[in-house]
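sequence first, then the predicted structure, then my questions.
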Amino acid sequence: VDIATMRANVAQVLPPEVTPTDRATLETLTDTLRRGIQMLIPEVEQAAAKQPADDIPRYVALACVREARGKLDARTGLLPSDAAAYVRKLGRSLLALCDHYIALTGVRMCVACDQPIRPGEATQPYDQVSPSGGAAFSGRIHDRCADTVRIR
C-alpha cells in the first residue's frame with residue numbers, strides 16, 4: 001500500500017481551492033481516487049479483522065469503509081461543480097482510509113514527508129502546535145526531514 005502516493009493524489013483536490021475545474025482532469029482524478037479507495041478498502045478490512053470485536057478503532061475503521069463504499073456507489077451530477085464536489089468527497093474518504101490503515105497496522109509515517117519510518121531509521125518527535133495552543137498533529141519525523149516545512 002503506497003500511502004504517500006494516495007495522499008499526494010488527494011492533495012490535487014483538497015483543499016477545495018486547489019481542485020481543478022476542467023472535466024478531463026476531474027475524470028482522471030476521480031478514476032485515480034476511486035482506484036485508491038478500491039485498493040485500500042480490503043486492506044483496512046483485513047487489518048480491522050485482526051482487532052478484537054469490541055475495539056473502537058476497528059469499529060470506526062469499518063464505519064469508514066461503509067462510508068467509502070457509499071461514495072463509490074454514488075455518481076456525480078452533470079455540472080462541473082458537481083464533479084469537483086464528488087472528487088473532493090472521494091479524496092476525503094481516501095484520506096480517512098489511509099489514516100485508518102496506518103492506525104490499524106501500526107505503520108509509522110513521517111508527518112513531514114508521508115513516507116514510512118522503517119525500523120532503525122533516525123527520527124525525532126514532532127508536534128505542531130495550533131494557534132489555539134493545542135497540538136494540531138504530532139508524531140515522528142525522519143531526521144532528514146527536520147528542516148522541511150510542510151503546510152497541511
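In hand now; what should we look at?

around Glu27, how many other residues sit close by?
13 (other Cβ atoms under 10 Å). Placement of C-beta: from N, CA and C, glycine included.

over to Gln38?
Gln38 is flanked by 12 other residues according to other Cβ under 10 Å.

what strand or helix carries it?
Using DSSP states H and E, Gln38 maps to helix 23-49.

Ile102 now?
In the assignment (DSSP H and E), Ile102 maps to helix 80-105.

circling back: by contact count, what packs against the helix holding Gln38?
Using 3 or more Cβ pairs under 8 Å, 6 or more residues apart in numbering; DSSP states H and E as the contact criterion, the neighbours of helix 23-49 among helices and strands are helix 3-10, helix 56-73, helix 80-105.

compare these and give me the one nearest Glu17.
Glu17 sits nearest to helix 80-105 of all the helices and strands packed on helix 23-49, at 10.8 Å, using Cβ to Cβ.

now the angle from that closest one to helix 23-49?
The directions of helix 80-105 and helix 23-49 differ by 20 degrees, with axes from the mean of the first three to the mean of the last three Cα atoms, to 10 degrees as the criterion.

okay then, goodbye and thanks.
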